[in-house]
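**Q** kindly generate the corresponding structure for this input.
(chains A and B)
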Number of protein chains: 2
Amino acid sequence: MAQHDRRQPTRSARNPGPGPHSFYTGCMVSTPPGALERALKANHKYASGRPSPQRSWAPQMALVLCMDARLDPVQFLGLQYGEAHIIRNAGGRMAEAIRSLAISQALLGTAEVAVIHHTECALLGLTENEIRARVQRERGTTRVLPDFLPIADLKDSIREDLTLYRSTPFVRQDIPVRGFILDIQSGRLTEVT
Amino acid sequence: MAQHDRRQPTRSARNPGPGPHSFYTGCMVSTPPGALERALKANHKYASGRPSPQRSWAPQMALVLCMDARLDPVQFLGLQYGEAHIIRNAGGRMAEAIRSLAISQALLGTAEVAVIHHTECALLGLTENEIRARVQRERGTTRVLPDFLPIADLKDSIREDLTLYRSTPFVRQDIPVRGFILDIQSGRLTEVT
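**A** Below is the predicted model:
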């Protein structure tokens, strides 16, 4: 019961907060509690019925995208087993992907990069100060994190992240690096040029 | 043809480098070039055939795991639409997940956390100096990145990451935070306690 009370409704769902559009459109707390426990049971079933995957594989590209719970890149990009390193963080920001990309390229030989931001992102339309204030209030701390990497405009954030990539000596500058916006309603990617 | 020459075989595949076991066991450069272009075509097809997803959703938990190209958490955890924020980076390290977790919790109300490291990880068995030397050699730079977050031992790296979480005031300390090792051959998760 404690688990049940803990999770619904969440504090954040009661306080969707500022921003030009709410991230909570169509968002309901409908999943029963114990999501992780259920996932672990699913894993047990998954592993029990599966032979060892002795398939050959080779990572070809690295994708940087948001942690958003609605995004399944394997599905919306039709990814094949073993072909893509998938780097995900809040917003899909390059600043937090450079270490992983350097490893992906120098240790594992990937030769293409795509960064994907998406419509209805939780970071879209919030300012650094608004996010910081919310985190500080929710956690009851006055300590300051350096940067939540908010997104004011999707095209700008993609360009910013491509520029950051291009100014970083630890990642390959001799390969294609492309930026896209994912429309979360249609599932369609549009390149930012 | 330039694209073809660029990708196979990769420099890294020729030089798997140090470590107690090679990351390249069973690894072949078999995928044809243009992986991203093919993924974009797959996206076009995906988006064309899909109605808008007006499904309700609510993130319940946040998962931190490696970018490894063989891992599909939706599959090995049986994830439902919209229930999990998925944070991925090289190794699945907590140090690079704190910003995302703070946002996941304070803005979106998730109330469970799992960090998952895996067998055959590229970071496993390499030292900081070895990774740095490889990146510097491959990129032709002598600049130094602060930390590649290598993994000497999977249980230790999980414990280290749980400790880091527990010492961070920006993330919830009143919820379950659990650590697991994924056996990449069997697909099975084992909790680190």
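**Q** give me the pLDDT value at the residue nearest to residue A:91 when sequence neighbours are not counted.
**A** Spatially, and ignoring its direct neighbours in sequence, residue A:91 is nearest to residue A:123 (4.4 Å; CB to CB, 6 or more residues apart in numbering or on different chains). The way it works is simple: take the backbone N, C-alpha and C, and place the C-beta from them, glycine included. For residue A:123, the pLDDT comes out at 96.
**Q** can you give me the neighbour number for residue A:123?
**A** For residue A:123, the count of nearby residues is 24 (other CB atoms under 10 Å in any protein chain shown).
**Q** what of the one 5 residues further on?
**A** Under the neighbour criterion other CB under 10 Å, residue A:128 is assigned a count of 15.
**Q** state the distance from it to residue A:64.
**A** According to CB to CB, to the nearest Å, residue A:128 stands 20 Å off from residue A:64.
**Q** again, but for residue A:51
**A** Note on residue A:51: its distance to residue A:64, by CB to CB, is 32 Å.
**Q** what does residue A:70 give?
**A** As judged by CB to CB, residue A:70 and residue A:64 stand 17 Å apart.
**Q** centroid-nearest residue for chain A?
**A** For chain A, the residue sitting closest to the mean C-alpha position, by CA atoms, centre = their mean, is residue A:66 at 1.8 Å.
**Q** pLDDT score assigned to the residue lying closest to that residue once chain neighbours are set aside?
**A** Nearest non-adjacent residue to residue A:66, counting by CB to CB, 6+ apart: residue A:92, 4.1 Å away. In this prediction, residue A:92 carries a pLDDT score of 98.
**Q** the one 10 residues further on too?
**A** Looking at residue A:102, its pLDDT stands at 97.
**Q** what about the host helix or strand of it, near chain B?
**A** Element membership of residue A:102, judged by DSSP states H and E, is helix A:98-106. Yes. Using CB under 8 Å from any CB of the partner chain, we find that helix A:98-106 touches chain B at A:98, A:99, A:100, A:102, A:103, A:104, A:105, A:106.
**Q** the last one reaches residue B:130, doesn't it?
**A** This means residue A:106. No. The pair residue A:106 / residue B:130 is not scored as a contact, 11.0 Å apart, by CB atoms under 8 Å.
**Q** looking only at neighbour counts, state which of the two leads.
**A** Neighbours per residue (other CB under 10 Å) separate residue A:106 from residue B:130, with residue A:106 holding more: 25 against 16.
**Q** for the nearest residue to residue A:158 once chain neighbours are set aside, helix, strand, or coil?
**A** Distances taken as CB to CB, 6+ apart place residue A:179 nearest to residue A:158, at 3.8 Å, with adjacent residues excluded. Classification of residue A:179 using DSSP: H, G, I helix; E, B strand; the rest coil returns strand.
**Q** quick one on the thing from earlier: doesn't residue A:152 make contact with the residue nearest to residue A:91?
**A** No. Using CB under 8 Å, residue A:123 is not in contact with residue A:152; the gap is 9.4 Å.
**Q** right, I'll call it a day here.
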